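>>> this one's sequence-less:
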């Protein structure tokens, strides 16, 4: 059952050194505030999983907290490369980064297998790709009914999944809407789940296309208004396009990046909200 907690306390209790952590969200609802709290607390030696690593993982990698990345695409959407990611891969700064690369379909199916409590998933994919030769999480299986040879991907079961959503009720049930990716599957696949939300409401109102995560599959809900910035939360905030553009020159330079992390993240206070979801 989910407990409504502060972001600081939820991160401290649920995320530990050496964990595999999935921080999902597609285009919007990206849990930046939670990532910044991980940086402030110095939780390290992490294996990070994400279908589309973007600026959120560039920051965690550049902060030196990540030993391995499980992913399917990486970039600063609409701008270009992730320079802290590239520096870690190409030069080992601030530490070497191990990669486990997949296709989008492969990553999605890994989460589905994990959520279904199955050891692997099958799909038609990876043909003609060298990815299977670079990872031990892709193999092949022969269909017992047709004899067709299919790709098999190992289940992905994070220690912790962290997502952002629009609303939670006081019992800890969470609802998100708009563009949704694999947040539901990533949550159901994980051992522990933390959700940051824009606000706490008395009752969740059904919404077309909305996804509801019941309280019994979650561990903690933290009210963090604006917790997806610079991404956005449909119905609450808008995407900060200027930030994504400004990130490119910051991330290109090690000193500029280090100064930004020290002043804007490590030197900042964790966001605090009351049970109503308003800043305290």
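Looks like it arrived, so ask away. Since we're looking at a predicted model, the values are computed, not measured.

>>> Number of residues surrounding residue 117?
Neighbour count for residue 117, taken as other CB atoms under 10 Å: 10. Using the backbone N, CA and C atoms, a C-beta is placed for each residue, glycine as well.

>>> pLDDT score assigned to it?
Residue 117 is assigned 97 on the pLDDT scale.

>>> for residue 279, same thing?
Note for residue 279: predicted pLDDT of 43.

>>> What of residue 276?
Per-residue confidence at residue 276 stands at 55 (pLDDT).

>>> Could you do residue 273 as well?
Model confidence at residue 273, given as pLDDT, is 61.

>>> what do you get for residue 155?
Turning to residue 155, the model gives it a pLDDT of 98.

>>> from here on, count from 57
Will do, 57 is the new start, and the previous item becomes residue 211.

>>> wait, isn't it in contact with residue 166?
Yes. Using CB atoms under 8 Å, residue 211 is in contact with residue 166, at 6.2 Å.

>>> Which stretches in the stretch 207-336 of the chain count as helices?
Using DSSP state H, counting those that start in this stretch, the helices found in the stretch 207-336 of the chain span residues 239-245, 297-308, 310-316.

>>> Determine which stretch of the ones you listed is the most buried.
Among the helices of the stretch 207-336 of the chain, the stretch with the highest mean neighbour count (mean count of other CB atoms under 10 Å) is helix 239-245, at a mean of 24.

>>> where's the closest residue to residue 222 other than its chain neighbours relative to residue 229, distance?
Spatial nearest neighbour of residue 222, chain neighbours left out: residue 254 (5.1 Å); criterion: CB to CB, 6 or more residues apart in numbering. Look at residue 254 and residue 229: by CB to CB, to the nearest Å, they are 15 Å apart.

>>> what about these two, which has more around it?
Each of residue 254 and residue 229 has its neighbours counted (other CB under 10 Å); residue 254 has more, 25 against 20.

>>> Now do the contacts for that one.
For residue 254, the contacting residues are 221, 222, 223, 279, 280, 281, 282, 283, 289, 292, 293, 333, by CB atoms under 8 Å, 6 or more residues apart in numbering.

>>> Perfect, that will be all.
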